[in-house]
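Enquirer: sequence unknown, structure follows:
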DNA sequence: TTGGAAAGTCAACAAGGCTGACATAAAATC
DNA sequence: GATTTTATGTCAGCCTTGTTGACTTTCCAA
């Protein structure tokens, strides 16, 4: 690897934030994100769904009973955009939309058994890659990976990420 | 932070690869990538360009004189898709396309001064975020960040990433 | 000289973003 | 009780950026 840049050579060197180092990080994000989405995309390509469907199913699976508005703020898209995706998922019997009991304006979203199956297939594929990457890099690297990613998020998104983190732990 | 999951508590714990840990990594990638692209997107939004233009300019800046075919394999899109982007960049005087000297079929791509200016504005914004994230997470975390991302890439993309890495170092 | 690779172009299409306008039901407020 | 706000859904239309397929031009090399 021979990292550490122009500093005293790796380890606890000073902040080795040359433009070169930063550029490598940027390109690493670019290439890694392609790998990150490649496996689910392959599965989705065979069906009539896309990445947007995957994202919706992921967060519905993660927070069953979440409302449309909540999902909207997590995904960061317009309701028209989300609705198009959600409609097809509901029509195809992958997602169920239940009217809220306390507030009947709200729709609570759940994966059906069929939806759960697809979500599992997709996340199995994505997890397999993530697992392999974690194994290859080692536990210490995983720690750093998560720290940098978290620091890279917009503050608002970081809050949502952390809320999700707690909720699932 | 209190990481380390269900293992013996952080540090060199065994492979703590629970589905929960993996899912957090997946969501971290999702939220972080949004932050990663947010700043350039804001700049591009004001102009008539999109993320695809940014990517093309980034890699032309990075490897001046690269051929269209080379760029194609780095970006992983079809030549029609790239060509549309490239055409507007050339028309607008941001990119120059020179016929190859040894192989006149090839077009070698260069940023014009105008193109260099925009590229710098975009990458300055992106680097600023990356720098802040690196600073917040610390040198050791940066090491891990890069290791995990590299392990997450498809083998072919990893090779391209590493080639770029060497070329620029 | 002819085959094939590199590059470019045109047409058509799809996914998934976006805005704006509007409808409905229910909750909240006055 | 009337009004306003909120949550959701929907229609129409637009943009970017990806796709496939068909075709042309250029030009290297066998």
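Expert: Structure's in. What do you need? Predicted model, so just to flag it, every value in this text is computed and none were measured.

Enquirer: helix, strand or coil for residue A:32?
Expert: helix (DSSP: H, G, I helix; E, B strand; the rest coil).

Enquirer: what do you get for residue A:110?
Expert: Residue A:110 ends up strand, using three-state DSSP.

Enquirer: Write down the beta-bridge partners of it, one by one.
Expert: residue A:96 (DSSP bridges).

Enquirer: got the contact list for it?
Expert: Taking Cβ atoms under 8 Å, 6 or more residues apart in numbering or on different chains, we find residue A:110 in contact with A:60, A:64-65, A:95-96, A:98. Bear in mind the C-beta positions are built from the backbone N, C-alpha and C, glycine included.

Enquirer: What is the least confident helix or strand in chain A?
Expert: helix A:155-168 (a mean of 80; mean pLDDT, DSSP states H and E).

Enquirer: Mind listing what's buried along that helix?
Expert: A:157-158, A:160-161, A:164-165 (16 or more other Cβ atoms under 10 Å in any protein chain shown).

Enquirer: Of these, which ones also sit close to chain B?
Expert: For chain B, the contacts drawn from the buried residues of helix A:155-168 by Cβ under 8 Å from any Cβ of the partner chain are A:157-158, A:160-161, A:164-165.

Enquirer: out of those, who's nearest DNA strand C?
Expert: Within those, proximity to DNA strand C (Cβ to the nearest atom of the strand) peaks at residue A:157, which comes in at 13.6 Å.

Enquirer: Wait, the closest one touches residue B:36, no?
Expert: No. Counting by Cβ atoms under 8 Å, residue B:36 is not a contact partner of residue A:157; they are 11.0 Å apart.

Enquirer: circling back: Throw the buried residues of helix A:155-168 into a markdown table and include distance to residue A:71, thanks.
Expert: Compiled in a markdown table, these are given as follows (distance: Cβ to Cβ, whole Å):
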| residue | distance to residue A:71 |
| --- | --- |
| A:157 | 14 |
| A:158 | 18 |
| A:160 | 11 |
| A:161 | 15 |
| A:164 | 12 |
| A:165 | 17 |
